[in-house]
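Asker: Give me the fold of what follows.
(one chain, ligands or ions: 1)
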Amino acid sequence: MDATDLPPGLDGNLVEFVKGGCEFEWQSYTKTRFYTNAFVINGNKLLLGFKKRGFGANLYNGFGGKVEPGETSAQAAARELKEESGIDAPLEHAGVLIFLTEGTDWAFHIDVFSAHSHTGVPTETDEMRPEWFSLTEDSLNGNDDRLGISSSSDLPSIPYSKMWADDIYWLPHLVEGKKFRGRADMVKDGDQFIMRKFWFGAVC
Ligand SMILES: COc1nc(N)nc2c1ncn2[C@H]1C[C@H](O)[C@@H](COP(=O)(O)OP(=O)(O)OP(=O)(O)O)O1
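Answerer: Have a look, this model is predicted:
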């Protein structure tokens, strides 16, 4: 895809898999803040954390936070995973997400990581409560959550309605092992954020 067709902030040889909000302009920004987000898969189950406080409170997400000065994003991802869930995992880079929120002139740049094994027992912390979710096809693609039906496995279905609105567009690709990139410009709708304009794609 021609770089001029990509949302500002994304580059490379990317193939679009979904976009929306074409009637809106991309929000401009002058600063970028770097974050991480890590997802641990164990066979047919996915570890998410229920965020108990701070930005994104009361939503399920991967484990992550700010990249501190002097850290690489991989180091920050490993540190945040340990701090928030108590486990270590051989994280690999899976994707990059750029998010803007209405009224700010800075962008979140989130390096997303995944791992297929871990050591240690996921343990609740002040910030996050780790929980395992089912990775059956209907759970992963959001059918179970949309229809409000329970998972066909012993574990609950992925709770997309209690996650950031962008997650359903790229999480299935992460689980399939595809590298991805995306951007979403979010606006406030009551007490939650919704996507006004977005683009997600795979790395060729
Ligand atoms: C806007 O859309 C988002 N979607 C997703 N899936 N994840 C997001 C979005 N915006 C932020 N995030 C992620 C990025 C980070 O993993 C966390 C936010 O990090 P946090 O504010 O908790 O950073 P910490 O360094 O842990 O903060 P404290 O030092 O205050 O604990 O959400």
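
Asker: Can you tell me what sits against the lowest-mean-pLDDT helix or strand in the chain?
Answerer: Taking mean pLDDT, DSSP states H and E as the measure, helix 143-147 is the helix or strand of the chain with the lowest mean score, a mean of 88. Under the criterion C-beta atoms under 8 Å, 6 or more residues apart in numbering, residues 134, 136-139, 149-151, 157-161 lie in contact with helix 143-147. Heads up, the C-betas are built off the backbone N, CA and C, glycines and all.

Asker: got it, and stretch 123-141?
Answerer: Applying C-beta under 8 Å, 6+ apart, the external contacts of stretch 123-141 come out as 41-42, 44-54, 60, 63, 83-87, 122, 143-145, 151-159, 168, 171-172, 175.

Asker: Helices - which of the residues you listed land there?
Answerer: Using DSSP state H, 83, 84, 85, 143, 144, 145, 168, 171, 172, 175 are the members of the contacts of stretch 123-141 that sit in helices.

Asker: I'd like to know which of the residues you listed are buried.
Answerer: By neighbour count, with 16 or more other C-beta atoms under 10 Å, the ones in helices among the contacts of stretch 123-141 hold 84, 85, 144, 145, 168, 171, 172, 175 as buried.

Asker: Including distance to residue 27, could those residues go into CSV?
Answerer: Listed next are these as CSV, based on distance: C-beta to C-beta, whole Å:
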residue, distance to residue 27
84, 29
85, 32
144, 33
145, 28
168, 22
171, 24
172, 26
175, 29
